[in-house]
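In: Sequence below, structure please.
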Amino acid sequence: MRHGEARSTTTAAHPEYNALGTSGWSALLAQSLLAFNVESDDPQHFRGYLRNRKIADVDFIEMATGCHVAHRSADTIARDCRPDYVLCLQVAGVGEFHQGSRTAVLQPGDLTVFDATRPATVVSSAEYRNVCIKFPQRLLRLPRSHVDQLTAARISARDGLAPATGALLMTLGHVMEDISGRTRYLAVRNALDLVSTMFESILDVSGDGGKTERNVIPGQIREYIDEHLGDPELSPAAIASAQFISLRKLQGIFQQNGTTVSAWIRTRRLERGRRDLVSSGELSVAAISRRWGFKTPSHFGRAFKDEYGVTPAEFRREASAG
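Out: Prediction:
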């Protein structure tokens, strides 16, 4: 736990607030979540609780506060600009999340997401409690242009996969201390897979059951690529032929989603390899690279470091250590 000095040892179910003042709360947010400027009616006596646990490059955060307003300005972002998303589950009280032209007003059980690279404002009621996960944008299967359509949008506690996503976030909060490093990592990765699936579901289908105007990569194309990731000869031309469409049309589908066919294949291979580095300890890095279609281990190693900032061996050591 990275911030033990700033919180009580009581459980998240009954958090003990710390008398930090708004300046202390701002400092704790900057250290544990993101930089915000905090305002309240009684800044000297502002109290709050925050708990942060980091697993690989994902932060799992629980917080409880009283009434306040937190602003994340462009100047703040310039100093703190890793491209992350923050998915928030409202646990108690009411939270308002403002970003761009949208506002999400969350009741307990509702979810929303915001982009850490853009200005945002959060307004908290009395007895406010929230669970968040902060994670790099590259970990989602969807391109940023589509997730942008969901930022500061309320995802109802009763809609689609929202109940399952909320329940999983709460469960992780309860069991995180009791499971090992590898298991914790896999649990968080599965949670992000569920988040991706929830977002895809929202973007794919409108409220009346019809297709929206948003463009997404068709499921049959995604499935074909995933089924053939291990083939080092997988190429845009092979995919277009298998799907009975022209190469130009295939490329256009991916361009509409802000990516290319080759970039999508590379990302999916790296995601699978990344998971195997944690879950398949008996496999060497070379074997994992072959399993997912990289022609040489050095090609896998270079691509992995470019994407994640560490070598496959370094990542495996860090994940095993928790």
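
In: the helices in the stretch 1-150 of the chain, which residues?
Out: Secondary structure of the stretch 1-150 of the chain, counting by DSSP state H, counting those that start in this stretch: helices at 21-32, 74-78, 144-147.

In: a markdown table for these, including distance to residue 282 and mean neighbour count?
Out: Quick note: C-beta positions are derived from backbone N, CA and C, even for glycine. Below are the helices of the stretch 1-150 of the chain laid out as a markdown table (distance: least, CB to CB, whole Å; neighbours: other CB atoms under 10 Å):
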| stretch | distance to residue 282 | mean neighbour count |
| --- | --- | --- |
| helix 21-32 | 36 | 18 |
| helix 74-78 | 43 | 13 |
| helix 144-147 | 36 | 17 |
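
In: for the nearest residue to residue 50 once chain neighbours are set aside, what are its contacts?
Out: The spatial neighbour of residue 50 that comes closest, neighbours along the chain excluded (CB to CB, 6 or more residues apart in numbering), is residue 63 at 4.6 Å. Neighbouring residues of residue 63 by CB atoms under 8 Å, 6 or more residues apart in numbering: 33, 48, 49, 50, 51, 129, 130, 132.

In: Beta-bridge partners for the third one, please?
Out: In this structure, residue 49 bridges to residue 64 when assessed by DSSP bridges.

In: give me the number of residues near it?
Out: Using other CB atoms under 10 Å, the number of residues around residue 49 comes to 21.

In: And it, how close does it get to residue 95?
Out: Going from residue 49 to residue 95 by CB to CB, to the nearest Å gives 15 Å.

In: Which stretch among the helices of the stretch 1-150 of the chain approaches residue 295 most closely?
Out: helix 144-147 (29.0 Å; CB to CB).

In: For that closest one, name the packing helices and strands.
Out: Judged by 3 or more CB pairs under 8 Å, 6 or more residues apart in numbering; DSSP states H and E, the packing partners of helix 144-147 are strand 111-115, helix 181-204.

In: now, of those, which is deepest in the fold?
Out: Compared across the helices and strands packed on helix 144-147, strand 111-115 shows the largest average neighbour count, a mean of 25 (mean count of other CB atoms under 10 Å).

In: What's the mean pLDDT across that strand?
Out: In this model, strand 111-115 has a mean pLDDT of 95.

In: cool, and stretch 44-56?
Out: When pLDDT is averaged over stretch 44-56, the result is 86.

In: Can you give me the buried ones in stretch 167-175?
Out: Across stretch 167-175, burial judged by 16 or more other CB atoms under 10 Å covers 168, 169, 170, 172, 173.

In: again with stretch 300-318
Out: Buried-residue list, stretch 300-318, by 16+ other CB under 10 Å: 300, 301, 303, 304, 307, 308, 312, 315, 316, 318.

In: Go ahead and confirm the second one touches residue 308.
Out: No. At 11.0 Å, residue 301 does not count as touching residue 308 under the criterion of CB atoms under 8 Å.

In: where do the contact lists of the two overlap?
Out: In terms of CB under 8 Å, 6+ apart, residue 301 and residue 308 are not both contacted by any residue.

In: re earlier: closest one of the buried residues of stretch 300-318 to residue 23?
Out: Nearest member of the buried residues of stretch 300-318 to residue 23, counting by CB to CB, is residue 318, at 33.5 Å.

In: Angles on the backbone of the closest one, please.
Out: Main-chain dihedrals, residue 318, degrees, to the nearest 10: phi -70, psi -40.

In: Please tell me how far it sits from residue 113.
Out: Taken as CB to CB, the span from residue 318 to residue 113 is 26 Å.

In: repeat for residue 145
Out: When residue 145 is compared with residue 113 (using CB to CB), they lie 14 Å apart.

In: thinking again about what came up before, which among the contacts of residue 63 gets closest to residue 120?
Out: residue 33 (11.7 Å).

In: State the pLDDT value of the closest residue to the closest one other than its chain neighbours.
Out: Leaving out its chain neighbours, the residue that sits closest to residue 33 by CB to CB, 6+ apart is residue 61, at 5.6 Å. On the pLDDT scale, residue 61 is placed at 92.

In: for the one 4 residues further on, same thing?
Out: You'll see residue 65 listed with a pLDDT of 92.

In: quick one, what contacts it?
Out: 17, 25, 46, 47, 48, 49, 124, 128.

In: which one of those residues has the most neighbours?
Out: Of the contacts of residue 65, with other CB under 10 Å as the count, residue 48 tops at 26 neighbours.

In: Tell me the spacing between it and residue 91.
Out: 14 Å.

In: Likewise for residue 192?
Out: According to CB to CB, residue 192 and residue 91 sit 20 Å apart.

In: can you check residue 239 too?
Out: 43 Å.

In: So for those two, which sits in the more crowded spot?
Out: More neighbours surround residue 91 than the other of residue 239 and residue 91, with 23 against 20 (other CB under 10 Å).

In: residues near the closest residue in space to residue 196 that isn't next to it in sequence, how many?
Out: Counting by CB to CB, 6+ apart, residue 141 is the residue found nearest to residue 196 once chain neighbours are left out, at 4.4 Å. Close neighbours of residue 141, defined as other CB under 10 Å, add up to 18.
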